[in-house]
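Participant: What follows is a protein structure lacking sequence information:
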Ligand SMILES: Nc1ncnc2c1ncn2[C@@H]1O[C@H](COP(=O)(O)OP(=O)(O)OP(=O)(O)O)[C@@H](O)[C@H]1O
């Protein structure tokens, strides 16, 4: 962590139930501005739930959640309207956040999808959809970027694009939380790693 920087997100004694089952139980976590935090844990330990709490999509039943600045969550599945083209999807995001269409078009070009802008999302490969999802980050410029297993199924070039996106958020002084089952990926990409178990997080030393 970078103690000299203020927290981008701070969770204190957070309890979250999913379908009446306690998933997070008194969880404390500070994500510092400028850091890339790795989050690991067994299947079902609550990693996606925690990202949803950080994205303020799931309210805790107890505890406090403080998040500064705009947040972007990239989930298991890319968040695109399947019947819209990639260009329409990105322009929609741009308009919803008060940006020009040109920003959306530039973002698509940045992720190497300018030539596919007129292709419907449901006619794109998984990797293309993931790239278009990553392009959202160039449009909205979040201060807190939450990545949930986004490396799955990506080729080397697309995986490098994830690194580029994470670097961009960090350079702007924002923070990232990266969920992955790939410990090598986590060790390479992050400044520090925590493990979620029994509803709480604990520091982990990743070789
Ligand atoms: N829609 C749902 N309905 C019922 N229970 C759910 C639902 N979503 C999650 N859960 C429960 O919440 C717990 C935490 O799930 P979550 O998806 O956050 O775990 P995870 O660590 O991200 O798992 P994985 O590594 O498999 O993606 C799980 O034990 C699961 O049983």
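Facilitator: Yep, that arrived. Here the structure is a predicted model, which is why all the values come from computation and not from measurement.

Participant: burial count for residue 199?
Facilitator: Counted with other Cβ atoms under 10 Å, the neighbours of residue 199 add up to 18. Any C-beta I mention is one placed from the backbone N, CA and C, and that applies to glycine too.

Participant: Is it correct that it is in contact with residue 46?
Facilitator: Yes. Contact criterion Cβ atoms under 8 Å: residue 199 and residue 46 qualify, at 6.5 Å.

Participant: got any residues that touch both of these two?
Facilitator: Common neighbours of residue 199 and residue 46 (criterion: Cβ atoms under 8 Å, 6 or more residues apart in numbering): 23, 24.

Participant: ok, and the helix or strand in this structure with the lowest average confidence?
Facilitator: helix 183-189 (a mean of 88; mean pLDDT, DSSP states H and E).

Participant: so does that helix get close to the ligand?
Facilitator: No. Using Cβ under 6 Å from any ligand atom, helix 183-189 stays clear of the ligand, with a minimum separation of 13.0 Å.

Participant: what's next to that helix, contact-wise?
Facilitator: 36, 38, 40, 151, 162, 163, 166, 178, 180, 193, 206, 207.

Participant: Residues of this structure that sit close to the ligand?
Facilitator: 18, 19, 23, 41, 43, 44, 45, 46, 47, 48, 49.

Participant: Just the pLDDT for residue 1.
Facilitator: Residue 1 carries a pLDDT score of 46 in this model.

Participant: ok, now residue 206?
Facilitator: Residue 206 is assigned a pLDDT of 69 by the prediction.

Participant: Now do residue 191: how many residues are near it, please.
Facilitator: 15.

Participant: And for residue 103?
Facilitator: Quick note: residue 103 (other Cβ under 10 Å) scores 19 neighbours.

Participant: can you tell me how far it sits from residue 91?
Facilitator: Per Cβ to Cβ, to the nearest Å, residue 103 is found 9 Å from residue 91.
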